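> Following is a predicted model, sequence given first.
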Amino acid sequence: MSPVRGGRVLNLDTLVRVRRGLHTPGPALRLPVPDGMTAPLGCDAIAVPARVGPLVMPRLPRVGCVYADDAHWWWLVPADSDHALEWPAPARYVTGGIVPDLPEIPELIHRPDGTLPYTPPIPLYLALCRVTGTAPSWSRPVSA
């Protein structure tokens, strides 16, 4: 690629940098592991709209740390709980427990007994599938 006289060559890296510069995200906050708890498996989070949270909570055999604000509820799960799972919409998987574009960390509304902050991901996944009317990914037909 030769530049036009007096012009500048734009490559993919330049375009990506320009695109990132157009959107300046708010501060990225991380959901904290409460004092006295440990997260030996790392922490990710599952976010759902606030209207869905109360429907999911009673369907879980064990509930870990749950954070909430007026718009969303977040469940802490072990890192990589998205491996081989397609979380049903409107759920959103949040790597590292990072909740971007929020002015402050949501309120901790549930803290489990013990030292582990996790909600088991498979029961959470199944509860979300049930509430959203979505078939679990492993029960869907596979096309050849």
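Perfect, thanks for sending it.
> Surely Val94 and Ala47 touch.
Yes. At 5.6 Å, Val94 counts as touching Ala47 under the criterion of C-beta atoms under 8 Å. Backbone N, C-alpha and C define where each C-beta goes, glycine included.
> Now the common contact residues for these two.
Counting by C-beta atoms under 8 Å, 6 or more residues apart in numbering, the contacts common to Val94 and Ala47 are Trp74.
> list the helices and strands the host helix or strand of Tyr93 packs on?
Using DSSP states H and E, the element containing Tyr93 is strand 92-94. Where contact means 3 or more C-beta pairs under 8 Å, 6 or more residues apart in numbering; DSSP states H and E, strand 92-94 is packed against strand 43-49.
> Indicate each strand paired with the strand it packs on and its parallel or antiparallel sense.
strand 72-78 (antiparallel), strand 92-94 (antiparallel) (DSSP bridges).
> what's downstream of the last one, the next helix or strand?
For strand 92-94, the following helix or strand on the C-terminal side (DSSP H and E) is strand 98-99.
> Contacts made by the helix or strand just after that following strand with the rest, please.
As assigned by DSSP H and E, the chain's next helix or strand after strand 98-99 is strand 107-110. Residues outside strand 107-110 that contact it (C-beta under 8 Å, 6+ apart): Pro34, Met57, Val63, Gly64, Cys65, Val66, Tyr67, Ala68, Asp69, Trp73.
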